[in-house]
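> can you look at this prediction? I've put the sequence above it.
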Amino acid sequence: MTSAAQKTADAFADVARNLLDRGSVQATLEEISDLAASEVGGCEFAGISLVGGDGTISTPVATDPLVEHADQLQYTTGQGPCLETIHDRQVYVVDDVRQDGRWPVFAAEVAGLGVRSMMSHQLYTRREVLGCLNLYSTELNAFDRGSVEIGQVLAAHAAVALASAQNDARLRDAMQTRSRIGEATGILMERYKVPGDQAFALLVKASQNLNTKLRELAEVLVETGALPRGSSGPDRQG
């Protein structure tokens, strides 16, 4: 391996470790966008578009407000490289938004922000599409072949790190939910001298009557020591 290739390999090994060390989803997203802006040739501004559970797309992090505005134009017009990338995994490069005819409505709007070049990489794993890494520049022809290759490597590392952070967050949320429901069930067991299954059934019934998520109701019970009025449970009189 040449010294240049070794330097690049070492740099991205560090990138992979840094991403996995971020911990939270938000910190991971911020690290990805910061790395893109600093490591991908031609990139001035970067951001992440995420696909929500309901299919909606949003931009939770961006290195500059310009990214947020440009991404929002893609969402509102229904056009742009980000949306195409999310659906077909290709890397989309725009050398001059004013001359690119693929997304005319979006291109006309984003050019007004001063954007001239763009590049989008899908963030995906074998299991799911997570979103898209969007790179912007105010210069024409900002992204060359090297930029594309570095962007692809970064996007691959970023997708793995993001998926890991999201999974960790779901596990923490599940553990917190279980803990809260357990505490709430314990309160009902102690107060009404009933076994655990009956106490849990009371909690579920109250959740259904109030049309409230079980975790949210458990939070209220733990914090206040009583089920809300209208639950039709033992605490309905306070």
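Good, I have the coordinates.
> list the residues that contact residue 116.
Listed by Cβ atoms under 8 Å, 6 or more residues apart in numbering, the contact set of residue 116 reads 96, 97, 98, 137, 138, 139, 140, 142. C-beta coordinates here come from the backbone N, C-alpha and C atoms, glycine included.
> what about the nearest residue to it once chain neighbours are set aside, neighbour count?
The spatial neighbour of residue 116 that comes closest, neighbours along the chain excluded (Cβ to Cβ, 6 or more residues apart in numbering), is residue 140 at 5.0 Å. For residue 140, the tally of surrounding residues (other Cβ atoms under 10 Å) stands at 12.
> now do the SS call for residue 140.
Under DSSP: H, G, I helix; E, B strand; the rest coil, the three-state class of residue 140 is coil.
> wait, it sits on residue 94?
No. Residue 140 is beyond contact range of residue 94, at 10.1 Å (criterion: Cβ atoms under 8 Å).
> now do the shared contacts for those two.
Common contacts of residue 140 and residue 94, defined by Cβ under 8 Å, 6+ apart, comprise residue 117.
> can you name the element that comes right after the helix or strand containing residue 148?
Assigned by DSSP states H and E, residue 148 belongs to helix 145-192. On the C-terminal side of helix 145-192, the closest following helix or strand by DSSP H and E is helix 196-210.
> which other helices and strands does that following helix contact?
helix 145-192, helix 214-224 (3 or more Cβ pairs under 8 Å, 6 or more residues apart in numbering; DSSP states H and E).
> care to break the protein down by domain?
3-168, 171-224 (automatic domain parsing).
> columns mean pLDDT on top of those domains, output as JSON lines?
Formatted as JSON lines, the domains of the chain follow (pLDDT from 0 to 100):
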{"stretch": "domain 3-168", "mean pLDDT": "86"}
{"stretch": "domain 171-224", "mean pLDDT": "86"}
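> wait, residue 124 sits on residue 159?
Yes. With contact defined as Cβ under 8 Å, residue 124 counts as touching residue 159 (5.7 Å).
> the most centrally placed residue in the chain: what secondary structure?
In the chain, the centroid-proximal residue (Cα atoms, centre = their mean) is residue 50; its distance is 4.6 Å. For residue 50, the assignment made with three-state DSSP gives strand.
> before we move on, what about residue 227?
With three-state DSSP as the basis, residue 227 sits in coil.
> next: residue 132.
Using three-state DSSP, the structure places residue 132 in strand.
> for it, give its distance to residue 195.
Counting by Cβ to Cβ, to the nearest Å, the gap from residue 132 to residue 195 is 51 Å.
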